[in-house]
Structures are given as C-alpha cells and as structure tokens.
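>>> sequence plus predicted model, see below.
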Amino acid sequence: MKSQIKELVSQAIKKVYPDLEIPSFSMEEAEVKFGDYSTNAAMILAKAVGEEPKNIAQNIINSIEKADIIEEAIIAGPGFINFKISLPFLQGKISEVINGGDKYGSANIGNNKTADIEFISANPTGPLTVGNSRGGVIGDVLSNVLTKADWKVTREYYFNDAGGQIDVLGHSILKDDETQYKGEYIDELAKEIKGDNPREVGKLAAQKLIEEIKRTTQDMGIKFDVWTAEGKDLRETGKVDTIIGWLKEKKLAYEKEGALWFKSTDYGDDKDRVLIRSNGEPTYFALDCAYHKDKLVDRKFDKAINVWGADHHGDLSRLKGFVKALGYDDKFDILVHQFVRIVKEGKEVRMSKREGNFVLVDDLLKEVGKDVYRFFMLEYAPNSHLTFDLELAKEQSQKNPVYYVQYAYARIASILQKAENSGKTNLDLLKEPEEKALIKQLIKLPEIVEGIVGDYQVQKLPTYAIELADSFHRFYEKCPVLKSGNDELTSARLELLKATQIVLKNTLDLMGITAPKKM
C-alpha cells in the first residue's frame, strides 16, 4: 500500500516537473488523526524547484492520477501531504488475503535466482551454545523470507574439521599440558574416545560434536541443506591450492618473511593479511578465500549472505576485499549480529566454551521451547545486544509476546469453529475504526517481506506480529462477531477474521513458530 502511494506521487512529480530528476523522499505512516500515510516530497523538492513547499504539494495533489486507493490527499504543516486510504479499497483487500491463502505476502523479487545463506558455522569444539546460535534463527528466518520472495535458497553450515582448533580439542580431551577447553562435555568425550594422538582424538571428537550440533539445529527448527567441512571439502579437494594459485597469477599475493600475503590494503583493509604461514599452513583467511570462491564462482550463487557473530567483525574488511578482487562484491553480503545476554533470576549467566561455563541451546530449548526461543532471538535488530529474560520466556500469559501472538491465532480459530454459516457477506458493512485498523495491518505483510529482502532486518516480523495481534485484540473488544445482532455484519466480520488468521499464520510460519488452534 505504501509503495503504491509512493509510486503515484512519483508519477505526479514527473508530470509537474518533467525535467527534474526525482530525489529520494519518504512515505511514512501518519498519525491516525492526520490520515494513513504522509510524505515529505514537496519539502524535498522545494530547493531544486525554487517554490514554496505548499505550492509544490498542491501541484502534486492536482496531478495525482485518480486511484481507488486514495480517498483524500491533504496538505499539512509546512508542506507535508497526508493521504487517507479509501475504505472500499481496504474492504476489497480482505478477499485478496483469503484468496491468497498461505501464499499471501509473497513477492516476485527473486525471480527464482539462487541465494546461499551461511549461518551459525560454529566449530565442533563444543556443543552449540546460546551465544553463537542467535545467528541460527536470524539466518533461518531470512532464508524463509527470501524463499517467500521467490529466491531459491540454500541454507549452509561451514565448520572446521581440521587445523589448530581441532588439535587443541584433542589436547583438551587428553588433558595434557596444552589443554584449553574445559567442561563436562570434555569429560564425556574423554570417556568415549581412546587414543594418544591429539590430532586423531580431536578429529574423532569433532565428528561426534558435529552430529550433536546437527541434532540441536533440528530442535531449533532449522534444516540445513549443505554442511561444508574445511578439511574434506576445501583442503582435500585442492580448492585452497587453486585459490592461492589464482591470487599469485593475478599478482594479488606476495611473499614476505617466509609467508604469503594478500594485498588487502588495495581493497580498503588496514593492513595486508597472511594467506600461508611460514610453516606452510594456510590461515583461516586463506580457507575463507577458497570457500567463497567455491560459493560464488564454482557453485555460481547469485547471492551469498554470511550471518556472523560480532567476534568475526575483524574479518569483514579482508574477506570483502578478497570478494571484490574476485569480482563478485555485488553478490556478497555479511550480516553481523551482536551477542546474547542470558538473565536468570535477575542475574546474568556467564558463557565461556573454554571454561565450560556456558548455556547450551539444548538446555534453553528444554526450558522455554522452540517457539519462545526463536521469537526472543528475533525481537531485536541483529546489531543490537540481546537480553534473553528466562522468567519472561517461561511466562504463560499475555506478558510473554509469543504467547500473546499465538493466543490471538487460537482465539480466532475458536471463534471460527463456533461460527455458523450466516449467509450473505457484505464487506461494505466493515466501517468501524477498529475494523479499518485491522485491515490496514493485514495488508502490510507484503511490504514487510519486501523490506526484509532489502535490508535483512528480520526483527520486523516479530514487531509486526505483535502489532497485528494488538489490532486483532482491539477489534475483538470493540466489535462483537458472533453476537453482532446482524447476520450480514457477523458474516463480514467472520471474513475479516479468516483473513486475519491467514496473515497471522503466514507471519508465524516465516518466523518458524507454530500457530496453535488451542491454548
């Protein structure tokens, strides 16, 4: 709806000022008393045009093509244009939602292009912790949204099954002088794995741990399509050697102090980065180069998106520099998320994989369940720190946002189950402010999907779900459905509830959260 009105304004500007390049202007929701949407287009144009914003606003209004969507356009303040959406337009959207069903909210943005979304990618040196699993929910939901927008999505998990960390894991299990990882899981692995070679012990332990991680991600509601192992899929296949050869051939690598370096300062990094150490061992960066060449060049994804924790922030510039050198920077994005702070009984629970003092995803899932876990992990922008309140998460009341949204769905299911066919439906009877407000919420879902495809801000979904539940609850309090006193009105309100049920379900599905019919 917002994009439709914005397009009408753009077309009007072209008519009035045909020689002017249309600048960027906003279209935002207005306060209810002023209308439904508001734009600052006239004020943005004022300097370039050399006219008063109010005059420009009036010219735009006069040139807007007549459209069913707009009931009225009004100039406000110094030159804002406020738009009031036509009631018949809103009423007609109910049937569109119902006819769309589970496909409502879809967008044809991706055109069946391919996207690889890599997330979590925690190394198998311990069980999956809450600290590194936030990216799991973000990545999975982003995958759902892109799929809804007609992208063909591959969910991928990349892990190290070779190298220094695996050696350290082996030493820790053998409890020798080079022990670094501690915890109950290390003691359990020591009972199960026999041997005296740290590398071999580490590899066996990593195999067991990656199987545990696979089970945990399934319990989180995530199904990965591809599991890529550093040793098996990059080292042993020669892909690391191939990318090193390519960098040398392109004169993007040079030798210094017995090591091989990438010219990352040529691509905005603060210093050049080592690819091959003086002992001949490739760095994690060299492995990342091979891995991303595999994704973008060999497997030919149209888009590669990495969801990383903030501890990888230092790796951003060097990897982006390599991808730019490869010539694929327009197909590559990194979404960084901050860490999770777990609060239990008012106190923070500390997390450290090495000391064994951490919160396991498995344990938290047992306490709060998948739905609550996913909703809470999504609630805030990825670049914001997240405080996970265990008491609130376990609360089974409307204080808990997950319960609040799911209860709205269950209440609608209950009403529709009790309803009898009341005959003719006349949607023109839906005129109450609460009815209009609810319809306006319903038709935001396509815009939410398109917005997330553009900026990856998946927290828009839980925010929207709560706002939609708010609108439903206000409607339910003010507008009797089964006892409206008018069969046609009851029938119209039941149609509105059917549409609301569909949009709630589709929103919950995008978040990977169940929509219960009873609570």
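Happy to help now that I have it. Numbering: from 1, shown residues only.

>>> neighbours of N160, how many?
20 (other C-beta atoms under 10 Å). Just so you know, the C-beta spots here come from the backbone N, C-alpha and C atoms, and that holds for glycine as well.

>>> which residues touch it?
Remark: with contacts taken as C-beta atoms under 8 Å, 6 or more residues apart in numbering, N160 is in contact with N123, P124, I166, A206, A229, E230, G231, Y284, L287.

>>> could you do Q11 as well?
Contact partners of Q11, counting by C-beta under 8 Å, 6+ apart, are I64, E65.

>>> ok now the helix or strand harbouring it, how far from the chain's centre?
When elements are assigned from DSSP states H and E, Q11 belongs to helix 2-16. Helix 2-16 has its C-alpha centroid displaced from the chain centroid by 30 Å (C-alpha atoms, centre = their mean, to the nearest Å).

>>> what residues of it count as buried?
K2, Q4, I5, K6, L8, V9, A12, I13 (16 or more other C-beta atoms under 10 Å).

>>> all the helices of the stretch 351-500 of the chain, in order from the start?
361-368, 370-378, 390-394, 401-418, 433-442, 445-455, 460-478, 487-511 (DSSP state H, counting those that start in this stretch).

>>> could you chop the chain up by domain?
Listed by automatic domain parsing, the domain ranges of the chain are 2-85, 119-237+338-394, 397-511.

>>> from one end of the last one to the other, what's the distance?
Read it as domain 397-511. 20 Å (C-alpha to C-alpha, to the nearest Å).

>>> quick one: average confidence on that domain?
For domain 397-511, the mean pLDDT works out to 94.

>>> hang on, the earlier thing: the helices of the stretch 351-500 of the chain into JSON lines, with extra columns for mean neighbour count?
Shown next, in JSON lines, are those (neighbours: other C-beta atoms under 10 Å):
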{"stretch": "helix 361-368", "mean neighbour count": "17"}
{"stretch": "helix 370-378", "mean neighbour count": "24"}
{"stretch": "helix 390-394", "mean neighbour count": "16"}
{"stretch": "helix 401-418", "mean neighbour count": "19"}
{"stretch": "helix 433-442", "mean neighbour count": "20"}
{"stretch": "helix 445-455", "mean neighbour count": "18"}
{"stretch": "helix 460-478", "mean neighbour count": "19"}
{"stretch": "helix 487-511", "mean neighbour count": "21"}
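
>>> any chance of those helices in JSON lines with distance to Q218 as columns?
Output for those, formatted as JSON lines (distance: least, C-beta to C-beta, whole Å):
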{"stretch": "helix 361-368", "distance to Q218": "11"}
{"stretch": "helix 370-378", "distance to Q218": "10"}
{"stretch": "helix 390-394", "distance to Q218": "21"}
{"stretch": "helix 401-418", "distance to Q218": "20"}
{"stretch": "helix 433-442", "distance to Q218": "33"}
{"stretch": "helix 445-455", "distance to Q218": "24"}
{"stretch": "helix 460-478", "distance to Q218": "22"}
{"stretch": "helix 487-511", "distance to Q218": "17"}
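
>>> mind checking which helix or strand of the protein has the lowest mean pLDDT?
Within the chain, confidence by mean pLDDT, DSSP states H and E is lowest for strand 347-349 among all helices and strands, at a mean of 81.

>>> elements contacting it?
Contact partners of strand 347-349 among helices and strands, from 3 or more C-beta pairs under 8 Å, 6 or more residues apart in numbering; DSSP states H and E: strand 340-344.

>>> now, the contacts of N160 that are in helices?
Counting by DSSP state H, the contacts of N160 place I166, A206, Y284, L287 in helices.

>>> from these, which would you call buried?
Going by neighbour count (16+ other C-beta under 10 Å), the ones in helices among the contacts of N160 have I166, A206, L287 buried.

>>> ok, so of the residues you listed, who is nearest V368?
A206 (28.7 Å; C-beta to C-beta).

>>> okay, buried residues for the least confident helix or strand of the chain please.
Buried residues in strand 347-349 (16+ other C-beta under 10 Å): V349.

>>> show me how far it is from its chain's centre.
Between the centre of strand 347-349 and the centre of its host chain there is 27 Å, according to C-alpha atoms, centre = their mean.

>>> parallel or antiparallel, which strands does it pair with?
Looking at strand 347-349 with DSSP bridges, its partner strands are strand 340-344 (antiparallel).

>>> tell me which residues of the strand it pairs with come out buried.
Going by 16+ other C-beta under 10 Å, strand 340-344 has these buried residues: V340, R341, I342.

>>> the second one reaches T387, doesn't it?
Yes. Between R341 and T387 there is a contact at 4.7 Å, judged by C-beta atoms under 8 Å.
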